[in-house]
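In: Predicted coordinates and the sequence they were generated for:
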Amino acid sequence: MDTLRIDRWLWCARFYKTRSIAADAVKAGHVKVNGQRVKPAREVKVGDVLVITQGDVEREVTVAGIPVRRGPAPEAATCYVETEASIARRREAAERRAIERELLRAPTPGRPDKRTRRLLRARKAGRDDD
């Protein structure tokens, strides 16, 4: 098999949990093949470059193989090669999320009291009233 539908390839390579979710993502324009928006029935082949946007993370991968089935994750990982720039962007996004999570953490342990709730609201609004 030389080619496979993009929605099925994304599902087999475990980028999406179901094939219908993969097809919806392609329809919404979250997946581009060689820089162009495509339809779910578009055939992909080895060497195609895909840009997959999932939430705030954008992955750029090159198709390295056409899977025969949706197998385990290690088998699925052999179907693509992610670019170094994409890996770096994902790492930066993860660090940014960790910092944001730390900033929005409650200033006191346990259930927030009145003062803690006020501080949390102020942080979310962008003020820093300590």
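Out: The structure has been received and is ready for your questions. Numbering: from 1, shown residues only.

In: C-alpha coordinates for the worst-scoring helix or strand of the chain on mean pLDDT, CSV please?
Out: Among the helices and strands of the chain, helix 114-125 carries the lowest confidence by mean pLDDT, DSSP states H and E, at a mean of 85. Backbone C-alpha positions of helix 114-125 (Å, rounded to 0.1, in the frame of the first residue of the first chain) are rendered in CSV as follows:
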residue,chain,number,x,y,z
LYS,A,114,-11.8,34.7,51.5
ARG,A,115,-8.3,36.3,51.1
THR,A,116,-7.0,33.5,48.9
ARG,A,117,-10.0,33.7,46.6
ARG,A,118,-9.4,37.5,46.2
LEU,A,119,-5.7,36.9,45.4
LEU,A,120,-6.6,34.2,42.9
ARG,A,121,-9.1,36.5,41.2
ALA,A,122,-6.6,39.3,41.1
ARG,A,123,-3.9,37.1,39.5
LYS,A,124,-6.3,35.9,36.8
ALA,A,125,-7.3,39.5,36.1
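
In: And that helix, what's buried?
Out: Using 16 or more other C-beta atoms under 10 Å as the test for burial, helix 114-125 gives 119-120, 123. Heads up, the C-betas are built off the backbone N, CA and C, glycines and all.

In: What does residue 66 show for phi and psi?
Out: phi -110, psi 120 (degrees, to the nearest 10).

In: same deal with residue 34?
Out: Dihedral angles (degrees, to the nearest 10) for residue 34: phi 50, psi 40.

In: Likewise for the one 10 residues further on?
Out: The phi and psi values for residue 44, taken as degrees, to the nearest 10, are phi -110, psi 150.

In: Give the bridge partners for residue 3, please.
Out: Following DSSP bridges, residue 3 is listed with bridge partners residue 45.

In: Next up, the contacts around it.
Out: By C-beta atoms under 8 Å, 6 or more residues apart in numbering, the residues touching residue 3 are 43-45, 66.

In: Which member of these is positioned nearest residue 55?
Out: When the contacts of residue 3 are compared for distance to residue 55 (C-beta to C-beta), residue 44 wins out at 22.3 Å.
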